[in-house]
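J.: How does the following fold in three dimensions:
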Amino acid sequence: MTERRIPGHARSGLKHWVLVVAGCAAVVGGALGATSATGAVTPGRTAADPTAEPVPASAPLPASAPLPEVDPAKAHLPLDCGPFPVAVTLKAAAVLDGRPVTVAAAHCRADMGTPPDGVFLVAAEGAPVVLLPDTEGLTVTELAIRSDGSIRGRASGYSSPDVPRYAPDLQVELGWTRTGGDWARTETRTPVRTA
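T.: Residues are numbered from 1 along each chain as shown. Just a heads-up that it's a prediction; the model follows:
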């Protein structure tokens, strides 16, 4: 019977494990001593020195109260859904002209398939403004209100009625800007490359 020997470089001894533990301790200690934002090492504080460090001027301010939001689910969105309920899929809130508004993408919740979305601007008072009618057959995938008050969105769509509804072949970039009291819409349609 032959004896199997483990090569010297594969054997671990006390010296090996001491070095491994020391290396791990150095990495963990360095990680705990660094700030997450800058990676700079901060001096440790003792219980006898509870003085808080000043916040740098470039640090972000704490989050303020959430924006007042108008619930689009409580508004009467102009969708002809028959017996089906309305489903709000995306929404974004902002304050425009001093009043809270919500822009929402919604569709009729059907039993099968993905019905097209409409995009609506909902305020606390008045009827919702239709920014994108659901009759255009688009499925909205992104929606946001920018700080300048413009609205941006992205949708998937179809180049013709012959394209199967499960395989949209267009990506549509949508934008709305206010001119006077009306909303002007822009869009860019890009074909989706399929393999």
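
J.: can I assume His76 is in contact with Phe120?
T.: No: distance between His76 and Phe120: 10.2 Å, which falls outside the contact criterion (C-beta atoms under 8 Å). C-beta: built from backbone N, CA, C; applies to glycine.

J.: Now do the contacts for Val172.
T.: Val172 makes contact with Leu138, Arg154, Ala155, Ser156, Gly157, Glu187, Thr188, Arg189, Thr190 under the criterion C-beta atoms under 8 Å, 6 or more residues apart in numbering.

J.: I meant Gly82, not that one.
T.: By C-beta under 8 Å, 6+ apart, the contact list for Gly82 reads Cys108.

J.: if we go to 10 Å?
T.: Cys108, Ala110 (C-beta atoms under 10 Å, 6 or more residues apart in numbering).

J.: what's the spacing between it and Pro115?
T.: 11 Å (C-beta to C-beta, to the nearest Å).

J.: same thing with Ser159?
T.: With C-beta to C-beta as the criterion, Ser159 and Pro115 are 19 Å apart.

J.: So those two - more neighbours on which side?
T.: Set Ser159 next to Pro115 and count neighbours by other C-beta atoms under 10 Å: Pro115 wins out with 19 against 12.
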